[in-house]
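Asker: Prediction below, plus the sequence it came from.
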Amino acid sequence: MHGWTGQYLRVNLTEESWTIEPTPALWARDYLGGRGLAARCLYEWMDPKADPLGPENVIIFATGPLTGTNAPTATRYMVVTKGPLTGAITTSNSGGHFGPQLKYAGYDMVVLEGCADRPVYLFIHDDHIEIRDAAGIWGKTVSETEDGIREEVGLPDARVTCIGPAGENKVRFAAIMNDKHRAAGRSGVGAVMGSKNLKAIAVRGTGGVNLARPAGFFKAAWKFRKGLAVDSEVLSRFGTASTIDMTNAMGGLPTRNFKQGQFEDSENINGATLHERRLLRNKACFACTIACGRVTKIGPEAEQFMVNTHPRNWKPAAEGVEYETAWALGADTGVGDLDAVLMANYLCNDLGMDPISMGATLAAAMEMYENGTLSDAIAGMPLTFGSGEALVRMTEATAYREGFGHELAEGSKRMTEKYGCPDLHMGTKGQEFPAYEPRGFQGMGIAYATCNRGGCHLRAWTPAIEAFGKADPHTPDGKAEWVVETQNATTAHDATGLCLFVGADNLTTALLPCLTSATGIDYTAADVLEVGERIWNIERLFNNAAGLTAADDSLPKRLLNEPFDEGPSAGVVVHLDEMLPRYYEARSWSPEGEPSPEKLAALRIEA
């Protein structure tokens, strides 16, 4: 095989055994890799009704056919499993350097089954495989774990993906971290690792990627790379937090648990302020010319955020914040103090948590505090909107499940239900929404509701047309059909191993020549989009088999019934009732949200 390594590593943690098996060639052709190949394997190899935190759940680390090549941003790997936050399939994507190293070691995937009876980590050095004792690093932070494993295996250039205390404590939105600051962040993939007593995977590969047509590939990759130099200039300079100005101006920046669409202190946490006041340098993932990562340091006046309920010596410099984290830990909680937001973000990275769900869950708790549902006795401290102290203290408490942090660790859906306020959960399928207000961007409503892994902006980013004059942001017209097309395109893109920041609109132009010359398979643009549709449908079949139905393609009542009184999105609600039937029709699904036999046959899927 070309592009693919042609083999994967299958590990049984219960038996502490492993085998190296051939990558299914037909599945690789039809699903490409990464998210696609892993989703197909998960659907075939486990019972979708399995307990996400039980030994029957399978977790897969998967690369794409372009991962590890010199195509721009060829860094990505996927973690695919059943998510404990949602009970649905989750496909969490990460960059950095771990994915290429796994490919160089000779594996398209690592498939992990069962549960170890003690803390362990997996060590891969090409064809040398070990399951090692992790007692000495259990309880350690992400940075301590990564440094400790490198020292123990004696390979300074080994790459490590691991969980922090949040994953060990099975926080339902615990992340899997690699390169200390890169994250497979959403849906609780880190809790799945924790439930299996798997602290980390360390990998060092000395091979490469076998290309079918090297000359054609390098020509295509170079052309692709040159085109990105202009397209990514703003992203390189100001990072993803530059998006805050646009969403806030349009009334699409969710504020105080989606009670408002604009944040009065947005300038305190935007990309320009971060660049001017706290940025140390940019940081890039493997093969990336964009370098959107931000290495930052909190200000000298922020000592109050260095010691809190547990005076551990947290570092004052790290990576972040990104747009989503600046929003979740900032606008959504009403916190306009950049240093508090940075400190909470550093904690999420080092403790191994998804900052989107962390901030959004705390925002729901803050609303419950302000409406009288939660008292100081229950919460342990005032949880008022805008409190930087509450933000930092509760972030740490959540990772360790200490005090009210134990409730926050369950995610906002379970927490709000426990305290009798289920309508304050701002999410779908149990997963908290990211940083786009659907009353400001109508298309995000149908994108959130139908996403297979719960509330997510990475499957169909409708501001691409709603913010730039291509479509009215407040009308449902045409949005369902656009979301279907974009979900297919981004899903195929995920399967290749490239970062979405090179643009899903490059899929059939710049990316396609790289894919065909790497694999030797002459995919057409239509073929690649069909791959995306095939993956989306297999994920839907998994969810249906897990017990999810059309009723889970829903939105909170706040978005459907409560318009803003002022601002650019005043008077608007989300017209999900209009968009959802159109979405099902465009997908050739039944009114109950089930893929039709005819559609499955056309996609060569056996349900």
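Answerer: In hand now; what should we look at?
Asker: Let me see the residues that make contact with stretch 127-146.
Answerer: For stretch 127-146, the surrounding residues in contact (C-beta atoms under 8 Å, 6 or more residues apart in numbering) are 9, 11, 13, 16, 18, 20, 106, 116, 118-123, 148-149, 152, 160, 162-165, 168, 177, 179-180, 197, 199-200, 315, 349-352. Using the backbone N, CA and C atoms, a C-beta is placed for each residue, glycine as well.
Asker: Now do the buried residues in the lengthiest helix in the chain.
Answerer: Counting residues, the longest helix found in the chain (DSSP state H) is helix 525-546. By 16 or more other C-beta atoms under 10 Å, the buried positions in helix 525-546 come out as 527-544, 546.
Asker: circling back: what's the ChimeraX syntax to select whichever of the contacts of stretch 127-146 are buried?
Answerer: Buried subset of the contacts of stretch 127-146, written as a ChimeraX selection, criterion 16+ other C-beta under 10 Å:
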select :9,11,13,18,106,116,119,120,121,122,123,148,149,152,160,162,163,164,165,168,177,179,180,197,199,200,349,350,351,352
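Asker: Cross the contacts of stretch 127-146 against helices and list the overlap.
Answerer: Secondary structure assignment by DSSP H places 148-149, 152, 165, 168, 349-351 of the contacts of stretch 127-146 in helices.
Asker: Take those and lay them out in TSV including pLDDT.
Answerer: Output for the ones in helices among the contacts of stretch 127-146, formatted as TSV (pLDDT from 0 to 100):
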residue	pLDDT
148	97
149	98
152	97
165	98
168	98
349	95
350	95
351	96
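Asker: Between those, which sits nearest residue 511?
Answerer: Nearest to residue 511 among those, counting by C-beta to C-beta, is residue 349 at 29.6 Å.
Asker: related to what we said a few turns ago, now the element after the longest helix of the chain, going C-ward?
Answerer: helix 557-561 (DSSP states H and E).
Asker: continuing past that following helix, what's the next helix or strand?
Answerer: Sequence-wise, the next helix or strand downstream of helix 557-561 (DSSP H and E) is helix 576-587.
Asker: starting at the chain centroid, how far to that following helix?
Answerer: A distance of 25 Å separates the centroid of the chain from that of helix 576-587, by C-alpha atoms, centre = their mean, to the nearest Å.
Asker: what does it rub up against?
Answerer: Applying C-beta under 8 Å, 6+ apart, the contact partners of helix 576-587 are 445-446, 449-450, 476, 479-481, 483-484, 537, 550, 553-555, 560, 590-591, 593, 595, 599.
Asker: picking that back up, same for the longest helix of the chain, what does it pack against?
Answerer: For helix 525-546, the packing partners by 3 or more C-beta pairs under 8 Å, 6 or more residues apart in numbering; DSSP states H and E come out as helix 25-31, helix 34-45, strand 89-94, helix 479-496, helix 512-519, helix 597-602.
Asker: Buried deepest among those, which one?
Answerer: The highest average neighbour count among these, using mean count of other C-beta atoms under 10 Å, belongs to strand 89-94 at a mean of 26.
Asker: who does that strand pair up with?
Answerer: Strand pairing for strand 89-94, determined by DSSP bridges: strand 77-82 (antiparallel).
Asker: Serialize the helices and strands packed on helix 525-546 to TSV and add fields for distance to residue 566 and mean pLDDT.
Answerer: Shown next, in TSV, are the helices and strands packed on helix 525-546 (distance: least, C-beta to C-beta, whole Å; pLDDT from 0 to 100):
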stretch	distance to residue 566	mean pLDDT
helix 25-31	47	97
helix 34-45	40	97
strand 89-94	37	96
helix 479-496	24	96
helix 512-519	46	96
helix 597-602	44	97
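Asker: and the ones in helices among the contacts of stretch 127-146 as TSV, adding distance to residue 189?
Answerer: Output for the ones in helices among the contacts of stretch 127-146, formatted as TSV (distance: C-beta to C-beta, whole Å):
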residue	distance to residue 189
148	22
149	19
152	24
165	15
168	14
349	15
350	17
351	15
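Asker: surely residue 100 meets residue 75?
Answerer: Yes - look at residue 100 against residue 75 with C-beta atoms under 8 Å: they come within range, at 6.3 Å.
Asker: Would you quantify the distance from residue 115 to residue 538?
Answerer: Taking C-beta to C-beta, to the nearest Å as the measure, residue 115 falls 26 Å from residue 538.
Asker: what does residue 195 give?
Answerer: For residue 195, the distance to residue 538 - C-beta to C-beta - is 24 Å.
Asker: Next, count neighbours for residue 470.
Answerer: 11 (other C-beta atoms under 10 Å).
Asker: Tell me where the model's unsure across the stretch 401-550 of the chain.
Answerer: Across the stretch 401-550 of the chain, the ranges flagged by pLDDT under 70 are 504-505, 507-508.
Asker: Just the element for the residue lying closest to residue 298 once chain neighbours are set aside, please.
Answerer: Nearest non-adjacent residue to residue 298, counting by C-beta to C-beta, 6 or more residues apart in numbering: residue 339, 4.5 Å away. Element membership for residue 339, per DSSP H and E: helix 338-351.
Asker: just checking, what packs against that helix?
Answerer: For helix 338-351, the elements it packs on are helix 142-153, helix 271-277, strand 317-319, helix 323-328, helix 355-370, helix 388-399, judged by 3+ C-beta pairs under 8 Å, 6+ apart.
Asker: Can you list the buried residues in stretch 556-565?
Answerer: Buried residues in stretch 556-565, defined by neighbour count with 16+ other C-beta under 10 Å: 556, 558-560, 564.
Asker: For residue 459, give me its contacts.
Answerer: 447, 451-452, 486-487, 490-491.
Asker: measure it to residue 81 for me?
Answerer: In terms of C-beta to C-beta, residue 459 sits 17 Å off from residue 81.
Asker: now do residue 430
Answerer: Taken as C-beta to C-beta, the span from residue 430 to residue 81 is 15 Å.
Asker: quick one, which of these two is more surrounded?
Answerer: Neighbours were counted for residue 430 and for residue 81 using other C-beta under 10 Å; residue 81 has more, 27 against 24.
Asker: For that one, give the beta-bridge partners.
Answerer: Note on residue 81: beta-bridge partners by DSSP bridges are residue 90.
Asker: What separation do you get for it and residue 112?
Answerer: In this structure, residue 81 and residue 112 are 9 Å apart, going by C-beta to C-beta.
Asker: tell me, what's touching these two both at once?
Answerer: Common neighbours of residue 81 and residue 112, using C-beta under 8 Å, 6+ apart, are 58-60.
Asker: re earlier: for residue 291, state which of the contacts of residue 459 is nearest.
Answerer: Minimum distance to residue 291 across the contacts of residue 459 is 22.0 Å, recorded for residue 490 (C-beta to C-beta).
Asker: pretty sure that closest one contacts residue 458?
Answerer: Yes - between residue 490 and residue 458 there is a contact at 6.7 Å, judged by C-beta under 8 Å.
Asker: Determine the residues that are contacts of both of those two.
Answerer: Contacts common to residue 490 and residue 458, judged by C-beta under 8 Å, 6+ apart, are residue 500.
Asker: Give me the spatial nearest neighbour of residue 164, chain neighbours excluded.
Answerer: Per C-beta to C-beta, 6+ apart, closest to residue 164 is residue 352, 3.0 Å.
Asker: Next, the contact list for the one you found, please.
Answerer: Residues in contact with residue 352 (C-beta under 8 Å, 6+ apart) are 141-142, 162-167, 174-177, 190, 399.
Asker: State the distance from it to residue 180.
Answerer: From residue 352 across to residue 180, the span is 11 Å (C-beta to C-beta).
Asker: Burial check on residue 354, number of neighbours?
Answerer: When neighbours are counted by other C-beta under 10 Å, residue 354 registers 32.
Asker: pLDDT score for it?
Answerer: At residue 354, the predicted lDDT confidence score is 98.
Asker: Was I right to think it contacts residue 175?
Answerer: Yes - using C-beta under 8 Å, residue 354 is in contact with residue 175, at 5.1 Å.
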